[in-house]
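> here is my input, please return the structure:
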Amino acid sequence: MLIAKDMVVSLQYELTDSSGNLIEKTDEPISYLHGGYDGIFPKVEEALHEQAIGYSCTVSMEPEHTFGEYNSDLIRMEPRSAFPEDVEVGMRFEGAAEDSDDSDDYLIYTVTDIADDKVVVDGNHPLAGMKLNFACTVTDIRPATAEEIAHQHVHGPHGHVH
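A predicted model of the protein is given here:
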């Protein structure tokens, strides 16, 4: 069986930066729905298309193919009073994008600095601006269920459970 649209693909992977530093590694296989459902980086999906169980590859990706370029406009200084008393560097909060007209347009901001009456937050993804290497091995392939296709993601083992 080969990987094609509407197949559930399971794989082990390691994500490293351009210097080879390990960022993330699976303990158990992860699964995604193949075919443009945004369950995995498009460049990885492209490399896995029409491959079989056991196939291994490493895909090197520029920031525009992963989490985007670092955007200094996403750094904001907010009043300390807008945060909980126990706010600490590294905490993450959901907040509205500053220049968005869409009230549903939210970003995850990470606290990067706290000074007296101000808190600095960064709305960039922690891996924004980084070249990344995604090394993976396909461990399983199966046809997706009608429900998985309708929901556009994997259910059950290694996938999303409702």
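
> the lowest-mean-pLDDT helix or strand in the chain pairs with which strands, parallel or anti?
Lowest mean confidence among the helices and strands of the chain (mean pLDDT, DSSP states H and E): strand 92-96, at a mean of 87. Next to strand 92-96 in the sheet, as set by DSSP bridges, lie strand 106-115 (antiparallel).

> ok, residues contacting the following helix or strand past the strand it pairs with?
Moving toward the C-terminus from strand 106-115, the next helix or strand (DSSP states H and E) is strand 118-122. Here strand 118-122 makes contact (CB atoms under 8 Å, 6 or more residues apart in numbering) with 74-80, 82-83, 87, 93, 95, 109-114. Every C-beta, even on glycine, is put in place using the N, C-alpha and C of the backbone.

> got it, and stretch 53-62?
With contacts defined as CB under 8 Å, 6+ apart, stretch 53-62 is touched by 1, 18, 41, 43-44, 47-48, 51, 131-141.

> how about a cut-off of 6 Å?
Identification of contacts with stretch 53-62 by CB atoms under 6 Å, 6 or more residues apart in numbering yields 43, 44, 47, 131, 132, 133, 134, 135, 137, 138, 141.

> and if you look at stretch 74-82?
Counting by CB under 6 Å, 6+ apart, 117, 118, 119, 120, 121, 122, 123, 124 sit against stretch 74-82.
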